[in-house]
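In: Just the structure for this:
(one chain, ligands or ions: 2)
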Amino acid sequence: MEIVKYEGHDLEQLIHQAKQEYGKDVKIISYEVSKSGLPFFGRKKYALFVQVPTEEEGFMDVLSKEEKSQEVDKFLERIEKMIDKKIEPLKKAIVQEGAITEVPPHTSQGSRQLDFAEEFKEFTGDALDLIKLLLKKDVDPKVAKLLVKESCGFDIDANKFDLNTSFFKEALVNAIEKKIKFKGPLKIQKGAFKVIAFVGPTGVGKTTNLFKIASELVINQKLKIAVISIDTFKVGAIQQARSFSNILNIPFFAITDSKNLRKTLQNLSGIDVVLIDTVGRSHYDYWRLGEMKEILGSGSDFMDISLVISCNYKNTEAIEVVNRYRTFFPISDIFFTKIDETYKPGILLNLPIKTDIPVSFISTGQKVPEDIRVLTPERMANYILGESL
Ligand SMILES: Nc1nc2c(ncn2[C@@H]2O[C@H](COP(=O)(O)OP(=O)(O)OP(=O)(O)O)[C@@H](O)[C@H]2O)c(=O)[nH]1
Ligand SMILES: [Mg+2]
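Out: Numbering: from 1, shown residues only. Ligands and ions are numbered 1, 2, ... in the order given. Model prediction:
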């Protein structure tokens, strides 16, 4: 930075001079005033200090405003070109993969296309299209591959696997039948004294769906049902369950400990099915899950324990829920809920395949008793393919 000093009696004139020499944007740092000649009659004298741009200040400092804006435009243009170049492979990947629009974290944009091509290189034709569709519905790539391969034959010309049917649904149903276990409809003999407990995270729909099942058993199968709630923690939970039980005209018990549960179960003579509603517990809350296991007590060995999971759960979280719950309870089936709240129900395939636990029901809305279906391979395929149910 260089400082130049102008001296004279007219400050305006000095500023004008500096601007003429160094441009109108010259930086005025300060000025000093002194007097020359006799006291009272002397004229004011000014010293004006201005900052003169030098080479070291960088190219932007020496440019005029107009030049600066041109330089900025050129600079931005260069940046835009660089960004375009970087995202070009990603754009191609999205177009080619069709289904894959999300770039997973920690995956570089350019390598996404390669991943897809590499991951599914053994497939061609319709098989590849079905895989794309499954991925779009959040089916795990490994699960998609496993299922599609089940319905493929080897295309000698292409030297790759292709579907052995031209119908996606047929291919998917065939694969699901082979890879996923279904509990099927609840068929309970009179006098069987079956006990089913519904467990799962908070708010997934345990209580609502327990009463949908109770309605089916009471109204359609004419069985004698009792409901026991061990959810004495949540405000209003007992009232909610009691009023449902009153509507169905079935006995209802609220229990807080394992001794009472055992006693109540022993005294329930003439009942065909006992449904147990439990308190929603976070799968991370080992302490509370242990507490619940203690209440269900040794009974959990002869009960069916249905793990209720919302289709809203992210796939990795759902696996975590199952794995943590199964360290406490022998889970007999997965009961899906809230299918009406998701467009990407890949969890329906991922969870049973990754955990090898049979699936039972699917809840399709809030209405009791009608919004529930028995899960079948065909229905599961329909939900995944987004067809009417
Ligand atoms: N959209 C939709 N809502 C549902 C479904 N199933 C249950 N619900 C709603 O989800 C909310 C919670 O349902 P609950 O049955 O109380 O859930 P819960 O698991 O017993 O909850 P906690 O006892 O608090 O753990 C209620 O508003 C239900 O109506 C479903 O399939 N779809
Ligand atoms: Mg509940």
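In: Run through the strands of the stretch 51-200 of the chain in chain order.
Out: Applying DSSP state E, counting those that start in this stretch to the stretch 51-200 of the chain gives strands spanning 152-155, 160-163, 194-199.
In: Let me know which of those is the nearest to residue 234.
Out: When these are compared by C-beta to C-beta, strand 194-199 sits nearest residue 234, at 14.2 Å. (Glycine included, C-beta is placed from N, CA and C.)
In: Contacts for the closest one next, please.
Out: The contact list for strand 194-199 (C-beta atoms under 8 Å, 6 or more residues apart in numbering) reads 188, 206-207, 209-210, 213, 265, 272-278, 281, 292, 296, 299-300, 302-308, 325, 329, 335.
In: That one: what's the following helix or strand?
Out: As assigned by DSSP states H and E, the chain's next helix or strand after strand 194-199 is helix 206-215.
In: Show me how far the next helix or strand after that next one is from its chain's centre.
Out: Going down the chain from helix 206-215, the next helix or strand is strand 225-229, by DSSP H and E. With C-alpha atoms, centre = their mean, to the nearest Å as the basis, strand 225-229 stands 34 Å off its chain's centre.
In: got the CA positions of the helix or strand following strand 225-229 in PDB?
Out: With elements assigned by DSSP H and E, the helix or strand that comes after strand 225-229 is helix 237-248. Taking Å, rounded to 0.1, in the frame of the first residue of the first chain, the C-alpha atoms of helix 237-248 are listed here in PDB:
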ATOM      1  CA  ALA A 237     -54.000 -46.000  27.800                       C
ATOM      2  CA  ILE A 238     -56.200 -48.100  30.100                       C
ATOM      3  CA  GLN A 239     -59.300 -46.000  29.400                       C
ATOM      4  CA  GLN A 240     -58.600 -46.300  25.600                       C
ATOM      5  CA  ALA A 241     -58.300 -50.200  25.900                       C
ATOM      6  CA  ARG A 242     -61.200 -50.400  28.300                       C
ATOM      7  CA  SER A 243     -63.600 -48.500  26.100                       C
ATOM      8  CA  PHE A 244     -62.700 -50.700  23.000                       C
ATOM      9  CA  SER A 245     -63.300 -53.800  25.200                       C
ATOM     10  CA  ASN A 246     -66.700 -52.400  26.300                       C
ATOM     11  CA  ILE A 247     -67.700 -51.900  22.700                       C
ATOM     12  CA  LEU A 248     -66.800 -55.500  21.900                       C
END
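In: Let me know the average pLDDT across helix 237-248.
Out: Across helix 237-248, pLDDT averages out at 91.
In: quick check, distance from the helix or strand following that helix to the centre of its chain.
Out: Once helix 237-248 ends, the next helix or strand along the chain (criterion: DSSP H and E) is strand 252-254. Relative to the chain's own centre, strand 252-254 is displaced by 36 Å; criterion: C-alpha atoms, centre = their mean.
In: List of residues touching strand 252-254?
Out: 226-230, 232, 238, 241-242, 245-246, 264.
In: among these, which ones are buried?
Out: Neighbour counting with 16 or more other C-beta atoms under 10 Å marks 226-230, 238, 241, 245, 264 as buried within the contacts of strand 252-254.
In: Any chance of TSV for these, columns distance to ligand 1?
Out: Listed next are the buried ones among the contacts of strand 252-254 as TSV, based on distance: C-beta to the nearest ligand atom, whole Å:
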residue	distance to ligand 1
226	18
227	13
228	14
229	9
230	11
238	11
241	9
245	14
264	20
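In: With distance to ligand 2 as added columns, please give these in a markdown table.
Out: Formatted as a markdown table, those follow (distance: C-beta to the ion, whole Å):
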| residue | distance to ligand 2 |
| --- | --- |
| 226 | 17 |
| 227 | 12 |
| 228 | 13 |
| 229 | 8 |
| 230 | 10 |
| 238 | 10 |
| 241 | 7 |
| 245 | 13 |
| 264 | 19 |
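In: List just the nearest of those residues to residue 178.
Out: Taking C-beta to C-beta as the measure, residue 178 sits nearest to residue 227 out of these, at 36.8 Å.
In: and that closest one, bridged to which residues?
Out: Beta bridges link residue 227 to residue 252, residue 275, judged by DSSP bridges.
In: Next, the contact list for residue 171, please.
Out: Contacts of residue 171 (C-beta under 8 Å, 6+ apart): 126, 130, 148, 151, 163-165.
In: Considering the residues you listed, which possesses the most neighbours?
Out: residue 148 (27 neighbours; other C-beta atoms under 10 Å).
In: Surely that residue is in contact with residue 133?
Out: No. Using C-beta atoms under 8 Å, residue 148 is not in contact with residue 133; the gap is 9.9 Å.
In: Flag every buried residue along stretch 180-200.
Out: By neighbour count on 16+ other C-beta under 10 Å, the buried set for stretch 180-200 is 180, 182-183, 186, 188, 193-200.
In: Check stretch 341-355 too.
Out: Going by neighbour count (16+ other C-beta under 10 Å), the buried part of stretch 341-355 is 342, 345-355.
In: what's in contact with that stretch?
Out: By C-beta under 8 Å, 6+ apart, the residues outside stretch 341-355 that reach it are 134, 136-140, 143, 146-147, 176, 179-181, 309-313, 315, 318-319, 322-323, 326, 334, 336, 339, 357-359, 362, 380, 383-384, 386.
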